[in-house]
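Trainee: sequence? don't have it. structure:
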């Protein structure tokens with residue numbers, strides 16, 4: 001049984017507040033990497049459905065008002081549901097699980113399994129929920145088609161990639177902020193703020209935007225197809241990974257390196 005680094009003396013240069021925050025991240029994040037496969041897939045599928053509620057709110061508001069900024073605020077419902085429902089979006093695995101692995105509390109193979117299972121679950125849940133939206137609310141078809149063309153018609157160039165990098169950094173920052181507080185109100189405020197940044201700035205998120213594309217695909221909207229979506233998805237997914245892992249998580253690893261070494265020594 002691994003012991004907590006609380007049992008060893010703090011290294012110079014660390015602060016009690018920073019250490020406590022990292023310890024909470026490792027202790028709370030460790031079970032995520034050791035879930036059974038059915039639990040992992042179910043958690044990811046539920047997340048795809050829950051964030052789909054936010055996508056539905058976005059489509060309704062944009063359809064009624066024509067305002068992407070108001071739609072961004074409505075979309076925050078999905079991020080709030082993810083946090084309060086304890087489900088897991090693929091890009092939420094860029095900070096906490098990486099910290100757990102670096103701390104020596106799981107292996108990199110556990111991380112890859114988490115990413116793969118969560119992403120598969122997200123897409124499966126999103127595909128089913130998008131079909132329900134397309135069947136139940138045909139008035140939203142044109143809105144979903146217009147928004148999806150705004151994603152899929154982009155060239156797979158540097159600008160598209162950077163928009164994905166920024167989205168990955170933003171959603172990972174949300175995870176970091178929410179894990180840094182026990183106040184549910186603060187977590188909700190963070191979710192609303194980051195939803196506004198991602199959707200309002202038209203950043204590109206591999207899973208969130210895909211759900212809109214899925215609605216358009218089910219609706220048979222022109223220009224929306226899985227063949228067009230797949231290369232776009234791969235390019236954006238790579239950008240999200242780079243943004244979440246390098247711009248946000250890597251800097252946190254460097255900042256907390258002394259405490260992470262204490263965790264590794266405590267487990268050795």
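Mentor: Looks like it arrived, so ask away. Values in this document were obtained by computation on a predicted structure and should not be read as measured data. Residues are numbered from 1 along each chain as shown.
Trainee: pLDDT weak spots in the stretch 1-150 of the chain?
Mentor: Counting by pLDDT under 70, the stretch 1-150 of the chain has low-confidence residues at 1-19.
Trainee: Spell out the residue ranges of the helices in it.
Mentor: Secondary structure of the stretch 1-150 of the chain by DSSP state H, counting those that start in this stretch: the helices cover 16-29, 37-65, 68-85, 96-102, 108-136, 141-152.
Trainee: helices or strands next to the fourth one in the packing?
Mentor: Judged by 3 or more Cβ pairs under 8 Å, 6 or more residues apart in numbering; DSSP states H and E, the packing partners of helix 96-102 are helix 16-29, helix 108-136, helix 251-255. C-beta here means a position set from N, CA and C on the backbone, and glycine is covered the same way.
Trainee: Can you tell me what sits against that helix?
Mentor: 22, 25-26, 28-30, 32-33, 106-108, 110-111, 114, 175, 179, 245, 249, 252-253, 256, 260 (Cβ atoms under 8 Å, 6 or more residues apart in numbering).
Trainee: And stretch 121-133, by the same measure?
Mentor: 40-53, 55-56, 59, 89-90, 140, 144, 207, 210-211, 214-215, 217-218.
Trainee: hang on, the earlier thing: derive a ChimeraX selection command for the buried subset of the contacts of helix 96-102.
Mentor: Selection of buried members from the contacts of helix 96-102 for ChimeraX, criterion 16 or more other Cβ atoms under 10 Å:
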select :22,25,26,29,30,32,33,106,110,111,114,175,179,245,249,252,253,256,260
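Trainee: Spatially nearest residue to residue 242 (excluding sequence neighbours)?
Mentor: Closest residue to residue 242 apart from its sequence neighbours, by Cβ to Cβ, 6 or more residues apart in numbering: residue 165 at 5.3 Å.
Trainee: need the contact list for the one you found.
Mentor: Residue 165 makes contact with 239-240, 242-243, 247 under the criterion Cβ under 8 Å, 6+ apart.
Trainee: can I get the residues you listed in TSV with distance to residue 161, secondary structure and pLDDT?
Mentor: Output for those, formatted as TSV (distance: Cβ to Cβ, whole Å; DSSP: H, G, I helix; E, B strand; the rest coil; pLDDT from 0 to 100):
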residue	distance to residue 161	secondary structure	pLDDT
239	5	helix	97
240	10	helix	96
242	8	helix	95
243	10	helix	94
247	13	helix	85
